[in-house]
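Enquirer: no sequence on this one, just coordinates:
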Ligand SMILES: Nc1ncnc2c1ncn2[C@@H]1O[C@H](COP(=O)(O)OP(=O)(O)OP(=O)(O)O)[C@@H](O)[C@H]1O
Ligand SMILES: [Mg+2]
């Protein structure tokens, strides 16, 4: 009697890859790691490095059933990615299965195969690399601005599961003080980590009031943090992870892009503010936004991430779910850094 491999295991990945994508020779499957570089930042997916002959891929298995999107989303996402590529944007294109589908669905798990790109992110990047990432993100925003109204309407019918127990940012904010008390009553490192993120949230409360009203009239990537830009030889080789593509406010993508300017240099390095000024100049020159909208960017991004920050704090303080990636997510979504970006944007 032969047992089926466990969904999400290496054996299972190899079986799905062989049956759905039919590589010429038997693939080698290993967990994806960053090699000598920064490890990949992932929370909900299982990522595997696969190789067969001289070809190598990344196999992404969405193991969290709550994160799986509507079945019609995947062909729609493929269409948007193709549209971006046709506009010269290096959006990561999934490799279709042998039957031409954008994903394979196995045991309820959505599986996607991508070419394996060089695994560099703009971490500790030079000012030139940051400029290249920002230019690429703005090209993506131009391309997304040209997505048809019908596609935006289709996206609006396929909302993203926020994966938090309180998705309303104002209500999540109302929970912060009690969570902070829980954190301050403990003396372990996890509580200290959650406590410092929650204090950052409270410190930015005045900015939250300036958040624009929600809108859903544009195609929005919604997750343009630095881990989703892979660089090779100073050029962005791929923009990853269109899994949060949605109908939303286009200012959100511009806000992520602004933040990229301060995500690499040290806080006191003048290169950060300098690239942020260049970002603002480009946005206005290219008519991506009006100068008065610059002050709305960080409030939009802060309210977008607030429910996630609060939910991670709850994982730590109430649910005892302790993940090694929580520290990286707190850093990635740091309200204090966003307040610094806001201050610079306000004083241009
Ligand atoms: N095709 C690829 N080539 C090289 N590295 C990749 C590739 N796909 C993903 N990675 C690495 O893995 C990381 C996580 O990938 P991805 O964002 O697709 O997963 P994820 O589970 O959606 O993450 P999250 O749930 O946190 O958004 C990327 O930031 C990158 O470092
Ligand atoms: Mg991701």
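Expert: Yep, that arrived. Every value quoted in this text rests on a predicted model; they were computed, and no experiment measured them. Residues are numbered from 1 along each chain as shown. Ligands and ions are numbered 1, 2, ... in the order given.

Enquirer: going by C-alpha atoms from here, please, whenever you check contacts or count neighbours.
Expert: Will do.

Enquirer: state the distance from the residue in the stretch 201-348 of the chain positioned nearest to ligand 1 to residue 264.
Expert: When you check the stretch 201-348 of the chain against ligand 1 by CA to the nearest ligand atom, the closest residue turns out to be residue 227, at 4.1 Å. From residue 227 over to residue 264 the distance is 11 Å, taken as CA to CA, to the nearest Å.

Enquirer: what's the following helix or strand after the helix ranked longest in the chain?
Expert: Counting residues, the longest helix found in the chain (DSSP state H) is helix 294-317. On the C-terminal side of helix 294-317, the closest following helix or strand by DSSP states H and E is helix 326-332.

Enquirer: average model confidence for that following helix?
Expert: In this model, helix 326-332 has an average pLDDT of 95.

Enquirer: got it, and stretch 252-270?
Expert: Mean predicted lDDT for stretch 252-270 stands at 90.

Enquirer: need the residues of the stretch 201-348 of the chain near ligand 1, please.
Expert: Taking CA under 6 Å from any ligand atom as the contact definition, the stretch 201-348 of the chain meets ligand 1 at 227-228, 240-241.

Enquirer: tell me which of those fall in strands.
Expert: Among these, no member falls in strands (criterion: DSSP state E).

Enquirer: save the residues you listed as a markdown table, and put in pLDDT and neighbour count too.
Expert: Listed next are those as a markdown table, based on pLDDT from 0 to 100; neighbours: other CA atoms under 10 Å:
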| residue | pLDDT | neighbour count |
| --- | --- | --- |
| 227 | 91 | 21 |
| 228 | 94 | 19 |
| 240 | 96 | 21 |
| 241 | 96 | 17 |
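
Enquirer: in the stretch 1-150 of the chain, which spans are helices?
Expert: 10-21, 73-86, 127-145, 149-156 (DSSP state H, counting those that start in this stretch).

Enquirer: is it possible to get JSON lines of the ones you listed that adds mean neighbour count, mean pLDDT and distance to residue 197?
Expert: Shown next, in JSON lines, are these (neighbours: other CA atoms under 10 Å; pLDDT from 0 to 100; distance: least, CA to CA, whole Å):
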{"stretch": "helix 10-21", "mean neighbour count": "19", "mean pLDDT": "97", "distance to residue 197": "35"}
{"stretch": "helix 73-86", "mean neighbour count": "18", "mean pLDDT": "98", "distance to residue 197": "33"}
{"stretch": "helix 127-145", "mean neighbour count": "20", "mean pLDDT": "96", "distance to residue 197": "26"}
{"stretch": "helix 149-156", "mean neighbour count": "17", "mean pLDDT": "98", "distance to residue 197": "31"}
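
Enquirer: distance to residue 202 added to those helices, as TSV?
Expert: Output for the helices of the stretch 1-150 of the chain, formatted as TSV (distance: least, CA to CA, whole Å):
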stretch	distance to residue 202
helix 10-21	43
helix 73-86	36
helix 127-145	29
helix 149-156	31
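
Enquirer: minimum distance to residue 31: which of these has it?
Expert: Nearest to residue 31, of all the helices of the stretch 1-150 of the chain, is helix 10-21, at 7.9 Å by CA to CA.

Enquirer: which residues touch the closest one?
Expert: Under the contact criterion CA atoms under 8 Å, 6 or more residues apart in numbering, helix 10-21 has outside partners 4-7, 23, 26-31, 48, 59, 96-99, 104, 106.

Enquirer: could you do stretch 28-37 as well?
Expert: With CA under 8 Å, 6+ apart as the test, stretch 28-37 has contacts from 10, 13-14, 39-40, 47-52, 58, 119-120.

Enquirer: now it: how far from the chain's centre is it?
Expert: The chain centroid and the centroid of stretch 28-37 are separated by 20 Å under CA atoms, centre = their mean, to the nearest Å.

Enquirer: what does stretch 308-320 give?
Expert: The answer for stretch 308-320 is 19 Å, by CA atoms, centre = their mean.

Enquirer: then stretch 167-185?
Expert: Once both centres are worked out by CA atoms, centre = their mean, stretch 167-185 turns out to sit 24 Å from its chain's centre.

Enquirer: ok, now stretch 86-95?
Expert: Taking CA atoms, centre = their mean, one finds stretch 86-95 lying 16 Å from the centre of the chain it belongs to.

Enquirer: how far does stretch 85-100 stretch from start to finish?
Expert: End-to-end distance for stretch 85-100, by CA to CA: 18 Å.

Enquirer: stretch 173-193 now?
Expert: This stretch, stretch 173-193, spans 18 Å end to end (CA to CA).

Enquirer: show me where the protein has strands.
Expert: Here the chain has its strands, by DSSP E, at 28-31, 45-52, 55-62, 104-106, 109-115, 218-220, 229-232, 235-239, 246-248.

Enquirer: please identify the deepest-packed of those.
Expert: strand 218-220 (a mean of 26; mean count of other CA atoms under 10 Å).

Enquirer: and that strand, what does it pack against?
Expert: With contacts taken as 3 or more CA pairs under 8 Å, 6 or more residues apart in numbering; DSSP states H and E, strand 218-220 sits against helix 127-145, helix 149-156, strand 246-248.
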